[in-house]
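Colleague: here's my sequence, what's the structure:
(one chain, ligands or ions: 1)
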Amino acid sequence: MTRVAVFPGSFDPMTNAHLDVARRASGLFDQLVIGVLNNPKKQPLFDIDERVALIRTCVADLGAHVTVDAFDGLTVDFARRHGAGFIVRGLRAVSDFEAELQMALTNRKLAPEIDTTFLMTALEYGYVSSSLAKEVAQFGGDVTAMLPGPVATALRERITPGPRV
Ligand code: PNS
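Modeller: Residues are numbered from 1 along each chain as shown. From the prediction side, this is the model:
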């Protein structure tokens, strides 16, 4: 039996916490499809093609069974298109759990055949989020501990630090 999982998210941009979860999931599933949500209601810093390309660079060493694809609409429809029986989500802290539980139960209602699996990020990335990294970069702070190298470079190039007062 081939175990296929999708790992959906906004990934604007991918952080070390995301990459850690992708790495752990890549060891658990035969195929892992990282799904990048193209949400027309949001104004991301990186457009969908940039986010997909950055993630592809970051996961290149995880193996050919890890792929990256953009999607819009429901995560469960994306999972079904890929024949996935699992959705992977990362948990950094207890505070993530409530929203994640609601999402997992919604997805189960929509697609009872698909299970959500939660993976804990490494302790050192427990504080990392895409929005925090963008804020730190905005004010000229060092984001190298939060982001994979290519993402940190892309973020520095994208953001011109504002004044430090
Ligand atoms: O990285 P994020 O922003 O925490 O990821 C959230 C995401 C993309 C997983 C979630 O918003 C999602 O699944 N969106 C697709 C729409 C959907 O399926 N909604 C119903 C389930 S909550």
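
Colleague: from now on I want contacts and neighbour counts done on CA atoms only, so please keep to that.
Modeller: Fine.

Colleague: so residue 79 is in which element?
Modeller: helix 75-81 (DSSP states H and E).

Colleague: in this structure, which spans are strands?
Modeller: 4-9, 31-37, 66-71, 86-91, 115-120 (DSSP state E).

Colleague: mind giving me CSV with those and columns for mean neighbour count, mean pLDDT and distance to residue 60?
Modeller: What follows is the strands of the chain, written out as CSV (neighbours: other C-alpha atoms under 10 Å; pLDDT from 0 to 100; distance: least, C-alpha to C-alpha, whole Å):
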stretch, mean neighbour count, mean pLDDT, distance to residue 60
strand 4-9, 24, 98, 16
strand 31-37, 24, 98, 12
strand 66-71, 20, 98, 8
strand 86-91, 22, 98, 19
strand 115-120, 17, 98, 21
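
Colleague: contacting residues around residue 2?
Modeller: By C-alpha atoms under 8 Å, 6 or more residues apart in numbering, the contact list for residue 2 reads 30, 31.

Colleague: out of the strands of the chain, the one nearest the ligand is which?
Modeller: Checking those against the ligand by C-alpha to the nearest ligand atom gives strand 4-9 as the closest, at 3.4 Å.
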